[in-house]
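Novice: Structure, please.
(one chain, ligands or ions: 1)
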Amino acid sequence: MRDAPATGVRTACPYCGVGCGVLAGVAEDGAVTVRGDPEHPANFGRLCSKGAALGETTGIDGRLLSPEIGGRQASWDEALDLVASRFAQTIATHGPDAVAFYVSGQLLTEDYYVANKLMKGFIGSGNIDTNSRLCMASSVAGHKRAFGEDIVPGVYEDLEQADLVVLTGSNLAWCHPILHQRLLAARRTRGTKIVVVDPRRTATADDCDLHLAIDPGTDVKLFNGLLAHLERSGAVDPGFVAASTAGFAEAVAIAGADAPSPAHVAAACGVAEVDVRAFYDLFAATERSVTVYSQGVNQSAHGTDKVNAIINCHLATGRIGRPGMGPFSVTGQPNAMGGREVGGLANQLAAHMGFDRPDDVDRVARFWNAPSAARTAGLKAVDLFRAVGDGRVKALWIMGTNPAVSMPDAARVRSALRACEFVVVSDVTHTDTTRHADVLLPAAAWGEKSGMVTNSERRMSRQRAFLAPPGDARPDWRIVCDVAQRMGFGDAFDFDDPAAIFREHAALSAFENDGARLFDIGALASMGDADYERFAPTHWPQPRHGDASQRLLAGGRFPTPDGRARFVAVRQEGPALAVDAARPIALNTGRARDQWHTMNRTGRVPRLMANAPEPVIEIAPEDAARQGLAEGDLAHVSSRYGFARARVGLSKGQKPGTAFLPMHWSGRFAAQAGAGALSSPLTDPFSGQPELKHVPVSIRREAVAWTGVLITRRDLRPTGFVHWSRRPVESGWIYALCGTETPDQGILLSRQLLGAIARDQLVEYTDRRGLTYRAATLDEAGALADALLVAPPGQLPSLDWLASLLGSRAPLRPAERMALLSGRSPVPMPAVGRIVCACHTVGVTQIAAAVAGGCRSIEAIGESTRAGTNCGSCRSEIRTMIDEARLQAAE
Ligand code: SF4
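Specialist: Numbering: from 1, shown residues only. Sure, this is the predicted structure:
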């Protein structure tokens, strides 16, 4: 890792919804360095492990560099002509609803705007949906039901000004690390109480005052109980309820019937009554309360009801629109909010207008001068891919996302893509989805494109280019406009740059907007190119006239016809699918600490892959014992939709009866470990968001007979293995292999992966019993090129030394050659072990040594090793190691 630049291009991190500012610099040798932007109000100079590694993701390995048609290289003109003509033909023959776009929260606002304008305005279909549907659609639906518009009222300062922060369905420590660090810093100074509501004991739950490990899916019961308790205990704000809301009496009556007492709630949610009472009393007594919710709430067949159950409690107490209080949805993706602003969801129109209001439909059509504009909502993601599968959608354009892995019931999505008549994919790299493309369009990546993003607190920030796109790659907005022009819509897509698109987007937000729509950035519609270039992070709204304050809903007026917020009466419903004897475990899915989506960027950074180098399913020790599973075993996990394989990780943080599998492992990084293959496509009736946090599974042990590891410079695609996964290291890859075949068959299979190697380059060894095999190849200079080790389970050596040889690219010394087939260094080398601190590359062995040496606090470990001193995401793992050492010392 290079030192970061003191100055650089001001841009924004492309990962999570915190939206941190980044200063990016390019050295003379082309190396990219990044550091946090000290002036950006989201992060004030800090970056988490993912953001800090951004400079390591900008290489062109694996990039799409030119358009492809049917796998052959093509010119842009040829590819764009084909896309435009096939879409036009399909529309002419089958109507506009026979085509669809599936886009991404990774797109910049300008990309999103033109894609939405093309589909809804000029093709005339609502069939554009986004992977943000999988992330926060339930929050959108809940906000619209309660507030009349998709409003996030709060700002990040609220978490610092609150006396109580409830984190529900949010592993903030890993998924929004910098925001979590801001909260923890505030807690240190003002003593903020933190309550975590999550079935798992996550890293977030390690830093809280009260952890309510409720049973999966029982959130509505918990918050209905809270609403009833607020009324019983006199914590309701009658003035606010009377002046600013409607529907309180019915909501509280139904909540009281659904959750009549803390004892009832405790039993229904699977937590202790004393903890439920403590939470309810704390919330009732604390004026400055913020409730943060995220995918753990949204990704549910009842996600919208969960959102409204939370909002109901804030409306009842009038704790909304004031400093240090409010419901606060945090988004997963960097520009999920921007997508919501431009109408990137199939059931939304642009600029927070809706298909459910005929005036809005007419207004958008007139603004765009688009008489054929869509009049009805399109297909939401799960339904969209069903329509692809059954032939209703015949031409599909996927932009910047990997649904072949990330969608639930992923096998069905892949077969839909195979069946589709015409699939276009624009993306940065090859993915599992690009394999299904008839036309591949190379898109510009982070660092190469310019535009706007909006973070979770409605703050718009600029992403700015500091690198030239490699090969023929182009920005997404340019690609969309090029296709639109070829389809005959040139006048409406005659944009020269993102600034012009943004101005139109801003003008639409203000068009015939008398204040009824709070999303109004009309003041930015006349922004010149220079101002757009200089644009500093700014909250919306930014109306031409009126209130541009960063806090929304401050006056107790809501964007509903009567200005009142709506209580929504909700009842606890069970999960869409219940566990049973055949599938007794409720599988939860989510993020790993250092990974992003399907790993196409973060999976290329060795230090980000070093903390969780293999797919692991976390299981409660009690369940593992029942199933005969031990730590490190290979587990076969199956749901009614598909199966996956992953290593077993025993976790006391996992509630018995539940398991957790990271969402990231695509076919480019493991054989069959994708959570999407298992997940349920059943959706919330209001938001269309699928239930990614709960699917019944069975888990059984695979009888692994051999294990292997290949360390190589080559980018290989293993086939025929029961299980494999890979991770990058300096100058190459490590492939972890295993199988249920006999050891000699495993050796044969692994040897095939090594391929044909000239004998004079190969050294190899097989033991007499045929259980162990070692081989290594050297390049012309005598440096290690490949090392393959196969052994019975548990008998492989540590890989630190071989990986360091591969990374050094230095000719091997005689002693190293002699030791090569043992896999063990001829001289003692400091052991690092699995990486815990990705920011400073500090391993578990180093931290264990520091603990053994007397470090008994996270701060002491930090002073000794630097671990935990940057983004803080590893601090809970360090604390666990310290606690375990204390326990062992006490035994
Ligand atoms: Fe990027 Fe991390 Fe900031 Fe999220 S918290 S925006 S991933 S640096």
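Novice: Tell me the residues of this protein that contact the ligand?
Specialist: Along the chain, the residues adjacent to the ligand under the rule CB under 6 Å from any ligand atom are 13, 15-16, 18-20, 43, 47-48, 50-51, 176-178. Just so you know, the C-beta spots here come from the backbone N, C-alpha and C atoms, and that holds for glycine as well.
Novice: Just those residues: which are in strands?
Specialist: Using DSSP state E, no member of those sits in strands.
Novice: Okay, buried residues for the longest helix along the chain please.
Specialist: As assigned by DSSP state H, the longest helix anywhere in the chain is helix 76-94. Using 16 or more other CB atoms under 10 Å as the test for burial, helix 76-94 gives 76, 79, 80, 82, 83, 84, 86, 87, 88, 90, 91, 94.
Novice: And it, what does it pack against?
Specialist: strand 68-69, strand 99-103, strand 395-399, strand 422-427, strand 439-442, helix 476-486 (3 or more CB pairs under 8 Å, 6 or more residues apart in numbering; DSSP states H and E).
Novice: Dump the ones you listed into JSON lines; add mean pLDDT as well.
Specialist: JSON lines is the format used below for the helices and strands packed on helix 76-94 (pLDDT from 0 to 100):
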{"stretch": "strand 68-69", "mean pLDDT": "98"}
{"stretch": "strand 99-103", "mean pLDDT": "98"}
{"stretch": "strand 395-399", "mean pLDDT": "98"}
{"stretch": "strand 422-427", "mean pLDDT": "98"}
{"stretch": "strand 439-442", "mean pLDDT": "98"}
{"stretch": "helix 476-486", "mean pLDDT": "98"}
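Novice: give me every residue that touches the closest residue to the ligand within the stretch 1-150 of the chain.
Specialist: The minimum distance from the stretch 1-150 of the chain to the ligand, using CB to the nearest ligand atom, falls at residue 51 (2.4 Å). By CB atoms under 8 Å, 6 or more residues apart in numbering, residue 51 lies in contact with 13, 15, 20, 22, 34, 36, 178, 871.
Novice: In helices, which of the residues you listed fall?
Specialist: residue 178.
Novice: Single out whichever of the contacts of residue 51 has the smallest pLDDT.
Specialist: Note: of the contacts of residue 51, the lowest pLDDT belongs to residue 871, at 80.
Novice: Next, count neighbours for that one.
Specialist: 26 (other CB atoms under 10 Å).
Novice: Could I get the helices and strands packed on helix 76-94 in TSV, plus columns for mean neighbour count and distance to residue 9?
Specialist: Shown next, in TSV, are these (neighbours: other CB atoms under 10 Å; distance: least, CB to CB, whole Å):
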stretch	mean neighbour count	distance to residue 9
strand 68-69	18	31
strand 99-103	27	26
strand 395-399	26	24
strand 422-427	24	24
strand 439-442	24	22
helix 476-486	24	19
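Novice: got the residue ranges for the helices in the stretch 201-350 of the chain?
Specialist: 219-232, 238-244, 248-258, 262-269, 273-285, 295-298, 303-317, 336-342 (DSSP state H, counting those that start in this stretch).
Novice: looking at those, which is closest to residue 617?
Specialist: helix 295-298 (17.9 Å; CB to CB).
Novice: Does anything pack onto that closest one? Which helices or strands?
Specialist: When contacts are defined as 3+ CB pairs under 8 Å, 6+ apart, helix 295-298 packs onto helix 133-147, helix 303-317.
Novice: what about 10 Å?
Specialist: Applying 3 or more CB pairs under 10 Å, 6 or more residues apart in numbering; DSSP states H and E, we find helix 295-298 packed against helix 133-147, strand 164-168, helix 219-232, helix 303-317, strand 585-590.
Novice: if we can go back for a sec, need the helices and strands packed on helix 76-94 in CSV (columns: distance to residue 195).
Specialist: Listed next are these as CSV, based on distance: least, CB to CB, whole Å:
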stretch, distance to residue 195
strand 68-69, 51
strand 99-103, 36
strand 395-399, 39
strand 422-427, 40
strand 439-442, 47
helix 476-486, 40
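Novice: Tell me which of the ones you listed lies nearest to residue 56.
Specialist: That would be strand 422-427 among these, by CB to CB, at 19.6 Å.
Novice: Parallel or antiparallel, list what pairs with that closest one.
Specialist: strand 395-399 (parallel), strand 439-442 (parallel) (DSSP bridges).
Novice: Select, out of those, the one closest to residue 704.
Specialist: Nearest to residue 704 among the strands paired with strand 422-427 is strand 395-399; the distance by CB to CB comes to 36.2 Å.
Novice: Output the closest one as CSV, nothing but the C-alphas.
Specialist: Coordinates of each C-alpha in strand 395-399 appear next as CSV, following Å, rounded to 0.1, in the frame of the first residue of the first chain:
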residue,chain,number,x,y,z
ALA,A,395,-35.0,-8.3,-24.8
LEU,A,396,-33.1,-7.4,-21.6
TRP,A,397,-30.4,-4.9,-20.9
ILE,A,398,-28.5,-5.4,-17.6
MET,A,399,-26.3,-2.5,-16.4
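Novice: Which residues lie in contact with the spatially closest residue to residue 126 that is not a sequence neighbour in this structure?
Specialist: Nearest residue to residue 126 in three dimensions, chain neighbours excluded: residue 378, at 2.7 Å (CB to CB, 6 or more residues apart in numbering). Applying CB atoms under 10 Å, 6 or more residues apart in numbering, we find residue 378 in contact with 96-97, 100-101, 119-120, 125-129, 345-348, 355, 384, 387, 393.
Novice: In the stretch 401-550 of the chain, mark out all the helices, start to finish.
Specialist: Ranges of helices in the stretch 401-550 of the chain, per DSSP H, counting those that start in this stretch, are 403-406, 410-419, 476-486, 498-510, 529-534.
Novice: from the chain's centre, how far out does the shortest one sit?
Specialist: Computed by CA atoms, centre = their mean, to the nearest Å, the separation of helix 403-406 from the middle of its chain amounts to 13 Å.
Novice: packing partners for that helix?
Specialist: Contact here means 3+ CB pairs under 10 Å, 6+ apart; on that basis helix 403-406 packs against helix 381-389, helix 410-419.
Novice: for stretch 884-891, which positions count as buried?
Specialist: Neighbour counts using 16+ other CB under 10 Å place residue 885 of stretch 884-891 among the buried residues.
Novice: Revised request: answer the last question for stretch 553-563.
Specialist: Residues of stretch 553-563 classed as buried: 553, 556, 557, 558, 559, 560 (neighbour count, 16+ other CB under 10 Å).
Novice: In JSON lines, list the helices and strands packed on helix 295-298 along with mean pLDDT.
Specialist: Listed next are these as JSON lines, based on pLDDT from 0 to 100:
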{"stretch": "helix 133-147", "mean pLDDT": "96"}
{"stretch": "strand 164-168", "mean pLDDT": "98"}
{"stretch": "helix 219-232", "mean pLDDT": "98"}
{"stretch": "helix 303-317", "mean pLDDT": "98"}
{"stretch": "strand 585-590", "mean pLDDT": "96"}
